[in-house]
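J.: Task: produce atomic coordinates for the following.
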Amino acid sequence: MPTLQIVNEKQIDQLAWDFIDTISNRLQAAKACVVFLKGDLGAGKTTFIKAVAGALGIEEEVTSPTFVILKRYPINNMGDVFPFTDLIHIDAYRLKSYDELAALKFDTYLFNPKFLIMIEWPEMIHNPEMKPDIFMKFSHTDEVGKRMVETS
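T.: Numbering: from 1, shown residues only. Reported below is the predicted structural model:
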């Protein structure tokens, strides 16, 4: 599992572009691309999603959907370069089960192959059947302002 040390915003932006390159090359799938982002509060999960959104041309301000749980952002100006039309940002921190996510009609998002779904706090939905296409773990280091990101 590759591990990166992130020191500044420029490196987060580069990680976002590398991420987009990786998922842009995926083959036609029957469902959305699901990304799990795990890590402590303030470890950089939302910051990374904001960087991905910016790289995808999303002009709307991306904020953590802690209270609304799910936000949908149309992806603009990517043409044929990127296989997705929408970024779905989920913050599962306040959820107690997958059933609560399902109540938001999550399956309509999950089974749309044109959607990129990024889920913060995936451990809160307790669904062993839901497997991510990409797993990212964010953590703090002992040095102020530095973060570690592991991907698989």
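
J.: Going by C-alpha atoms from here, please, whenever you check contacts or count neighbours.
T.: Noted.

J.: Show me what the lengthiest helix in the chain is packed against.
T.: Longest helix in the chain, counting residues (DSSP state H): helix 9-24. Contact here means 3 or more CA pairs under 8 Å, 6 or more residues apart in numbering; DSSP states H and E; on that basis helix 9-24 packs against helix 45-55.

J.: who touches the helix or strand following the helix it packs on?
T.: Taking DSSP states H and E as the definition, the helix or strand that follows helix 45-55 towards the C-terminus is strand 70-74. With CA atoms under 8 Å, 6 or more residues apart in numbering as the contact definition, strand 70-74 has outside contacts at Ile58, Glu60, Pro65, Thr85, Asp86, Leu87, Ile88, His89, Ile90, Asp91.

J.: mind exporting the following helix or strand past strand 70-74 as PDB, just the C-alpha atoms?
T.: Downstream of strand 70-74, the first helix or strand assigned by DSSP H and E is strand 86-91. Written as PDB, here are the backbone C-alpha positions of strand 86-91 (Å, rounded to 0.1, in the frame of the first residue of the first chain):
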ATOM      1  CA  ASP A  86     -21.200  13.700 -10.700                       C
ATOM      2  CA  LEU A  87     -19.200  13.700  -7.500                       C
ATOM      3  CA  ILE A  88     -21.200  12.300  -4.500                       C
ATOM      4  CA  HIS A  89     -19.700  13.400  -1.200                       C
ATOM      5  CA  ILE A  90     -20.900  11.500   1.900                       C
ATOM      6  CA  ASP A  91     -20.000  12.100   5.500                       C
END
